[in-house]
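[1] take this sequence and fold it.
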Amino acid sequence: MRPALGQWIPICALIAVLPAAGVAEDGRAILATALSMRGETRMSGTEVTERTDPGGRRTVVERRMVRDVGGKEFAEFTKGPEFLVGQKVISDGHVRYRVIPSRKVVLQSAPLDGGVLSDMARWRKIQALTQLTVEVQRGKDESTGRDAHILTVKAQTREGVLIKTRRYAVDVATFFILDNRDYHDGLEVSRTRYRSIDFWPKIPEGLFSYSPADDMLVLPEPSMVPRMADPDLCRRLGPLGAPIWPPPDWRPAGAFLQAYGRVRVMQMNFVAPVPGGPLPVVLFRRDVVPERCFFDEFYGLGGLGVQPAGVGHHAWAWQATPFTYVLASRLGPDRMVPAAQQMADETHWPPPGQGPSPGPHGPHHR
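    Reported below is the predicted structural model:
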């Protein structure tokens, strides 16, 4: 059960995994080590993810992957839904960028920990695993043919009711997770595997570095998968989900409910025409939870007034009780300043002391 030459493994994890002579292998300890090793394995390969939705529709996504110790990662989507193909994920272990060329948008993550779990975080992960039933066998990974620990993990309630089942194939030499399957009611609903894999490959210099191009709009990456804000959700959100009307030449391009920790942020997307192709414009409405989050730090929010003020990352922000608003785009100040002022006027309607609003969403309600 030795790791590949040069492979770094946390000493406490090794102690947990390596069994004494004649003692059966501990599936929980193997899984804990595999999860701890996610950001500490040098590899390249093709990752394949297959999902089946409740309606029986199957989606297959392929990514070209390269990883290195310290949480470094490069991934390019090569097959899948049209909106995904061409997207890239690039991380130097400190910051992760998701590059979306078709939208000219880059999502920047909160600061990372270099992919290395702290001793306390690792111990908590191992403790959490003790609540699971883990069966372990020796076998072969189906896709790569490598020797693997085959783990069947079952999560149950205290009453013994099965919540979910997951199956892992963990590489014996490196503790890298080669295959990960989720089951619901006995049926496989998702699987992530590697069609090809190479450990300790030669990595091109600069692969994990990224600097956004001048025409790319950099936005803060949310902490959870965004939720499409359909009319029903917007109604249930109340004022947080109310529409705001942009300049007449901006085309609406959908809205999403984002989460940054416990802070909810409504994101309204627009497309503005410019010579050479349209540019994205994003309006954020931040909820009133009185705690700071990565969204606030990304834009340097604090001390805002009722008039739009320039903030970092090509954006203008203002306060309109009870919400904070941020309007971001690479359009340039000549178009963004008047647009921000128009939207700020709408969010402040009616002006103090001038009577009730003429409509539920201000003077531009349609």
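
[2] neighbouring strands for the helix or strand hosting residue 63, and are they parallel or not?
    Residue 63 belongs to strand 58-68 when assigned by DSSP states H and E. With DSSP bridges as the test, strand 58-68 is paired with strand 43-52 (antiparallel), strand 72-79 (antiparallel).

[3] the residue lying closest to residue 282 once chain neighbours are set aside and residue 267, how far apart?
    In space, and not counting its chain neighbours, residue 282 is closest to residue 328: 5.0 Å by C-beta to C-beta, 6 or more residues apart in numbering. (C-beta placed from N, C-alpha, C; glycine too.) Residue 328 is 10 Å from residue 267, where distance means C-beta to C-beta, to the nearest Å.

[4] give me the common contacts of the two.
    282-284 (C-beta atoms under 8 Å, 6 or more residues apart in numbering).

[5] select from those residues the one having the most neighbours.
    Taking other C-beta atoms under 10 Å as the neighbour criterion, residue 283 ranks highest of the shared contacts of residue 328 and residue 267 with 23 neighbours.

[6] per-residue pLDDT, the spatially closest residue to that one that is not a sequence neighbour?
    Spatially, and ignoring its direct neighbours in sequence, residue 283 is nearest to residue 268 (4.5 Å; C-beta to C-beta, 6+ apart). With respect to pLDDT, residue 268 has a value of 97.

[7] what about residue 268, neighbour count?
    21.

[8] in which helix or strand would I find it?
    strand 263-272.

[9] what does that strand rub up against?
    Contacts of strand 263-272 (C-beta under 8 Å, 6+ apart): 222, 226, 229, 237, 240-241, 243-244, 246-247, 249-259, 278-287, 289, 291, 293, 295-296, 329, 331, 335.

[10] for stretch 216-231, same thing?
    Counting by C-beta under 8 Å, 6+ apart, 96, 98-99, 104-110, 212, 233, 237, 241, 254-261, 265-267, 279-280, 282, 294-295, 298-299, 313-314, 328-330 sit against stretch 216-231.

[11] 6 Å - rerun?
    Outside stretch 216-231, the residues within contact range by C-beta atoms under 6 Å, 6 or more residues apart in numbering are 104-109, 212, 255-261, 280, 294-295, 298, 313, 330.

[12] what bits of the chain have low per-residue confidence?
    Counting by pLDDT under 70, the chain contains low-confidence ranges at 1-25, 113-130, 349-366.

[13] give me the contacts around the longest strand anywhere in it.
    Assignment by DSSP state E gives strand 187-199 as the longest strand of the chain. Strand 187-199 has contacts (C-beta under 6 Å, 6+ apart) with 4, 43-52, 143-144, 174, 178-182.

[14] just want the angle from that strand to strand 43-52.
    Computed by axes from the mean of the first three to the mean of the last three C-alpha atoms, to 10 degrees, the angle separating strand 187-199 from strand 43-52 equals 170 degrees.

[15] direction included, what does the helix or strand following strand 187-199 pair against?
    Of the helices and strands lying after strand 187-199 in sequence (DSSP H and E), the nearest is strand 217-220. Using DSSP bridges, the strands paired with strand 217-220 are strand 105-108 (parallel).

[16] now the partner strand, how far from the centre of its chain.
    Relative to its parent chain, strand 105-108 has a centroid offset of 11 Å by C-alpha atoms, centre = their mean, to the nearest Å.

[17] returning to that earlier point: ok, the strand holding residue 268: who's next to it in the sheet?
    Strand pairing for strand 263-272, determined by DSSP bridges: strand 251-260 (antiparallel), strand 279-286 (antiparallel).

[18] send me that strand as PDB with only the CA atoms.
    The C-alpha trace of strand 263-272 is given here as PDB (Å, rounded to 0.1, in the frame of the first residue of the first chain):
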ATOM      1  CA  VAL A 263     -25.900  35.800   2.500                       C
ATOM      2  CA  ARG A 264     -28.300  35.700  -0.500                       C
ATOM      3  CA  VAL A 265     -27.600  37.800  -3.600                       C
ATOM      4  CA  MET A 266     -29.900  38.200  -6.500                       C
ATOM      5  CA  GLN A 267     -28.000  38.400  -9.800                       C
ATOM      6  CA  MET A 268     -29.700  40.000 -12.900                       C
ATOM      7  CA  ASN A 269     -27.900  39.500 -16.200                       C
ATOM      8  CA  PHE A 270     -28.000  41.800 -19.200                       C
ATOM      9  CA  VAL A 271     -26.300  42.000 -22.600                       C
ATOM     10  CA  ALA A 272     -25.200  45.400 -23.900                       C
END
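
[19] how far off centre is that strand?
    16 Å.

[20] if I read this right, residue 58 contacts residue 49, doesn't it?
    No. Residue 58 lies out of contact with residue 49 (C-beta atoms under 6 Å); the separation is 11.2 Å.
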